[in-house]
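# Provide a 3D model corresponding to the input given below.
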Amino acid sequence: MIIAVDAMGGDFAPFKIVRGAFLAASLHKVPVALFGPQNSIFAELDACSPLWRNYPIEVHDAPEMIEMDEEPVMAIQRKRKSSLVLSVLSVKQQTCHGVISAGNSGALMAAATIFLGKQPGILRPAIAGLLPSINGQVLMLDLGANTECRPEQLHQFATVGAAYAQDHLQVNNPRIGILANGHEEKKGSVLTKAVLPLRCRTRRGF
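Numbers count the residues shown, from 1 in each chain. Predicted structure coming up:
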């Protein structure tokens, strides 16, 4: 398994991104494929260690970069040779098995949706993240991909999150919740109240 890394995404790129990928490959033997301007990546890897080629690291030239303030769909259409687009395409082409980018999250989500697609029936993709809790970790969806949602879309986020928790986090019977301004069913926004009647369709409900 090899992970595609957008070397130009995020703060202090490519230095911080390349160094993190190098540490993953050298210390934990994680195979990585770095996408970005080839000469810049080579220079950063040489600074990490002149022996970096002994580790599972690939470098793929991607001369373009999507900036944080660019409109997502337009950016991926115009910059097909960007580090973000080429790293996502490597998953579509099955040369890599996953992709990481700390860059423009809207562009990453758009590229993943356009090039990799969605599961049948899923209306919108969601960004997920693991948050610490007193009982371990909480998987939260959505963390920024959608600014406005309908009740059915929130229900789908719950269903997808439950499936991920079962398949990848080994949680046999995940408990599903919805954030509101109180635990009573009468509290919450119009949206959260509209989602509650859908809970019977999830594995365990809210």
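
# the longest helix along the chain packs against which elements?
In the chain, ranked by residue count with DSSP state H as the criterion, the top helix is helix 151-168. Helix 151-168 sits against strand 136-141, helix 190-195, with contacts defined as 3 or more C-beta pairs under 8 Å, 6 or more residues apart in numbering; DSSP states H and E. Glycine gets a C-beta too; all of them are placed from N, C-alpha and C.

# quick check: mean pLDDT of it?
Mean pLDDT, helix 151-168: 91.

# try stretch 197-206
Regarding stretch 197-206, the rounded mean pLDDT is 56.

# and the helix-or-strand element of the chain with minimal mean pLDDT, what's buried?
Lowest by mean pLDDT, DSSP states H and E among the helices and strands of the chain is helix 190-195, with a mean of 83. Using 16 or more other C-beta atoms under 10 Å as the test for burial, helix 190-195 gives 192, 195.

# let me see the ranges of the strands in this structure.
3-6, 32-36, 57-61, 98-100, 128-133, 136-141 (DSSP state E).

# which one of these lies closest to Ala111?
Nearest to Ala111, of all these, is strand 98-100, at 8.9 Å by C-beta to C-beta.

# which positions in that closest one come out as buried?
Buried-residue list, strand 98-100, by 16+ other C-beta under 10 Å: 99-100.

# over to stretch 109-120?
Buried, per 16+ other C-beta under 10 Å, within stretch 109-120: 109-113.

# rewinding a little: TSV please, covering the strands of the chain and showing distance to Lys16 and mean pLDDT.
Converted to TSV, those look like this (distance: least, C-beta to C-beta, whole Å; pLDDT from 0 to 100):
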stretch	distance to Lys16	mean pLDDT
strand 3-6	11	98
strand 32-36	12	98
strand 57-61	16	98
strand 98-100	13	96
strand 128-133	19	92
strand 136-141	25	92
